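*Asks:* Coordinates only, no sequence provided:
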């Protein structure tokens, strides 16, 4: 919610109205929105620590629990909200595609953490906003400013450099960025739904398979859930909470502050992920990798500057596509 301007009356006969300061209610809403956004992105940024506690659990089993418990919690919240969750007419195939993209994003994310690729995951969420801009141009014929073209160029150079440096395509980063980017494209094609309603409607298409696989794992004795330590089982059961809590805070932020402000704050999450990967989990980050990340960071600075009102006003054809932010992503979908 943007700040409201309270008119300050002029003396009689002045013939004009002076813009006053934002009212206390608007200021409180803005403060709450900024706080919610910071909490959401900090939580997303810290999630690698949570999933790292489950590094001995196969990533595919982690995905099953994340789908099942997120679905259960989402439907509980829908019932408490007392607003029916109905699929938009003629849009069910979009919900199915959204669920598949979300599942692919979640699997890649937890798999990357369990194999020690948190740094690569952070790169994926750094380039995600730029991928969203690119997809907006491709699918919605949205025009880019010259500065945004330059930003995309820097991002492409950074990814190309890292590809040559690794000796292989940084597949973790690209899968995370593009699955969440395409998820944003699908969500843009759907009527607006509350975060929990959208999650419940999307996951219902893939939760039966997740449930069947979980039952099979229990019967075959191959599952970690209920067959390993109590702490591991509790962490798996809490996967839905870890997924939906930051999403709810993000939804609260988006209602109270402009999305441009949310966009700037979204870089908290991949920055924390990068720090955790290098400092806490001990992943290598050599100086030879720095130029690639630096090119991406320059791209993000240019892109962020291009979204400022003053910069947008000076350039023709500003981008209107905002794409997802974070776990999940948007939905920071992510993380």
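*Replies:* Nice, I can see it. These figures come from a predicted structure and were not determined experimentally.
*Asks:* hey, let's count contacts and neighbours off CA atoms from now on
*Replies:* Fine.
*Asks:* so for the lengthiest helix in the chain, what's the average pLDDT?
*Replies:* In the chain, with assignment by DSSP state H, the single longest helix is helix 24-52. For helix 24-52, mean pLDDT rounds to 87.
*Asks:* Please apply the same query to stretch 248-267.
*Replies:* Here the average pLDDT along stretch 248-267 is 76.
*Asks:* Use 160 as the first number from now on
*Replies:* I'll keep to 160 as the first residue from here, and by that count the last item is stretch 407-426.
*Asks:* what's the span of that stretch, first residue to last?
*Replies:* By C-alpha to C-alpha, to the nearest Å, the extent of stretch 407-426 from end to end equals 18 Å.
*Asks:* same thing with stretch 210-218?
*Replies:* 10 Å.
*Asks:* For that stretch, buried residues please.
*Replies:* The neighbour-count check on stretch 210-218 (16 or more other C-alpha atoms under 10 Å) flags 210-211, 213-214, 216, 218 as buried.
*Asks:* any idea how far it is from the chain center?
*Replies:* Mean-position distance between stretch 210-218 and its chain equals 21 Å (C-alpha atoms, centre = their mean, to the nearest Å).
*Asks:* swap in stretch 262-275?
*Replies:* Chain-centre distance of stretch 262-275: 14 Å, with C-alpha atoms, centre = their mean.
*Asks:* quick revisit: which element follows the longest helix of the chain toward the C-terminus?
*Replies:* helix 218-240 (DSSP states H and E).
*Asks:* Report the inter-axis angle for that following helix versus helix 183-211.
*Replies:* 150 degrees (axes from the mean of the first three to the mean of the last three C-alpha atoms, to 10 degrees).
*Asks:* so for helix 218-240, what's the average pLDDT?
*Replies:* If you average the pLDDT values across helix 218-240, you get 93.
*Asks:* distance between the helix or strand following it and the chain's centre?
*Replies:* Next along the chain after helix 218-240, taking DSSP H and E as the criterion, comes helix 251-273. Centroid separation for helix 251-273 versus its chain: 12 Å, with C-alpha atoms, centre = their mean.
*Asks:* and helix 251-273 with helix 183-211, angle?
*Replies:* 60 degrees.
*Asks:* and helix 251-273, what does it pack onto?
*Replies:* If you count contacts as 3 or more C-alpha pairs under 8 Å, 6 or more residues apart in numbering; DSSP states H and E, helix 251-273 packs onto helix 183-211, helix 218-240, helix 277-299, helix 330-347, helix 354-362.
*Asks:* Pipe those helices into JSON lines and attach distance to residue 268 per row.
*Replies:* Listed next are the helices and strands packed on helix 251-273 as JSON lines, based on distance: least, C-alpha to C-alpha, whole Å:
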{"stretch": "helix 183-211", "distance to residue 268": "9"}
{"stretch": "helix 218-240", "distance to residue 268": "9"}
{"stretch": "helix 277-299", "distance to residue 268": "7"}
{"stretch": "helix 330-347", "distance to residue 268": "7"}
{"stretch": "helix 354-362", "distance to residue 268": "17"}
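*Asks:* Residue 453 is nearest to which of those helices?
*Replies:* For the helices and strands packed on helix 251-273, the distance to residue 453 is smallest for helix 277-299, at 10.8 Å, taking C-alpha to C-alpha.
*Asks:* Next, the angle helix 183-211 makes with the closest one.
*Replies:* With the same axes, to 10 degrees as the basis, helix 277-299 and helix 183-211 are set at 120 degrees to each other.
*Asks:* ok, and for helix 277-299, which residues are buried?
*Replies:* Buried positions in helix 277-299, judged by neighbour count with 16+ other C-alpha under 10 Å: 277-296.
*Asks:* follow-up on the earlier one: tell me which two of the buried residues of stretch 210-218 sit farthest apart.
*Replies:* Farthest apart among those by C-alpha to C-alpha are 211 and 218. That separation is 10.9 Å.
*Asks:* between the two, what contacts are shared?
*Replies:* residue 273 (C-alpha atoms under 8 Å, 6 or more residues apart in numbering).
*Asks:* which SS class is residue 352?
*Replies:* coil (DSSP: H, G, I helix; E, B strand; the rest coil).
*Asks:* Near it, how many other residues are there?
*Replies:* 15 (other C-alpha atoms under 10 Å).
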